[in-house]
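**Student:** Predicted model and sequence follow; I will ask about them next.
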Amino acid sequence: MANRLSKIVTRTGDDGTTGLASGDRIAKNHLRVAALGDVDELNSAIGVLLAESLPAATRDALLGVQHDLFDLGGELSLPGHTLISEAHLGRIDRLIAAFNAELPPLKEFVLPGGTRPAALAHAARTVCRRAERTLVALAHEESLLPLPLQYLNRLSDFLFVIARHLNRASGNNDVLWQQGGNRG
């Protein structure tokens, strides 16, 4: 396999632009770059979660998501090129269903937290929601395929389910919201 990156420092971005996979250069404050950055930050947040001790099935699922996010970033880097497919959506839908099937129904909103891994999953979920919002903003300016948006929407749901799953797997309950009059 050829080297993907042989030189990290290129100095080509010193002028406030960055290169896309197409070879085009765009300003670093362009919404496409913001979306790429949010997806990259999301992937890093999942990487931090993966640094924790996790059940094997959870680890495998999250590692697959990281690969999917590289696909999504590739699609954003090469406008008009499709990398996120119906297969990606089907996989994330199956993961949500499988992990959620083990959880009790929710009777109230869940506060982010519980165990450290669950809290990290919630933090990743909020980064995912931001990435989704940035992609929606980009879609209002440029033509985008719907699958990347659908994937991020499903992924935030998956990360919520994973947070609940991680609390339960460690023997902890979700931290439920209590309305003001119900707090001690």
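**Tutor:** Nice, I can see it. Numbering: from 1, shown residues only.

**Student:** if I look at Ala131, how far off is Leu20?
**Tutor:** 18 Å (Cβ to Cβ, to the nearest Å). All C-beta spots, glycine's among them, are computed from the backbone N, C-alpha and C.

**Student:** So which of those two has more stuff around it?
**Tutor:** Each of Ala131 and Leu20 has its neighbours counted (other Cβ atoms under 10 Å); Ala131 has more, 27 against 16.

**Student:** mind checking the SS state of the more buried one?
**Tutor:** Using DSSP: H, G, I helix; E, B strand; the rest coil, the structure places Ala131 in helix.

**Student:** With adjacent residues omitted, what lies nearest to it?
**Tutor:** Spatially, and ignoring its direct neighbours in sequence, Ala131 is nearest to Asp38 (3.7 Å; Cβ to Cβ, 6 or more residues apart in numbering).

**Student:** again with Pro148
**Tutor:** Pro148 sits nearest to Ile84 (Cβ to Cβ, 6+ apart), 4.9 Å away.

**Student:** which residues sit in contact with the one you found?
**Tutor:** Ile84 makes contact with Asp68, Asp71, Leu72, Glu75, Leu145, Leu147, Pro148, Tyr151, according to Cβ atoms under 8 Å, 6 or more residues apart in numbering.

**Student:** do the same with Leu106
**Tutor:** Asp174.

**Student:** Next: Leu69.
**Tutor:** By Cβ under 8 Å, 6+ apart, Leu69 lies in contact with Val39, Leu42, Asn43, Ile46.

**Student:** The same query, at a cut-off of 7 Å, please.
**Tutor:** Counting by Cβ atoms under 7 Å, 6 or more residues apart in numbering, Leu69 makes contact with Val39, Leu42, Asn43.

**Student:** got it, and Val175?
**Tutor:** Val110, Leu111, Gly113, Gly114 are the contacts of Val175 under Cβ under 7 Å, 6+ apart.
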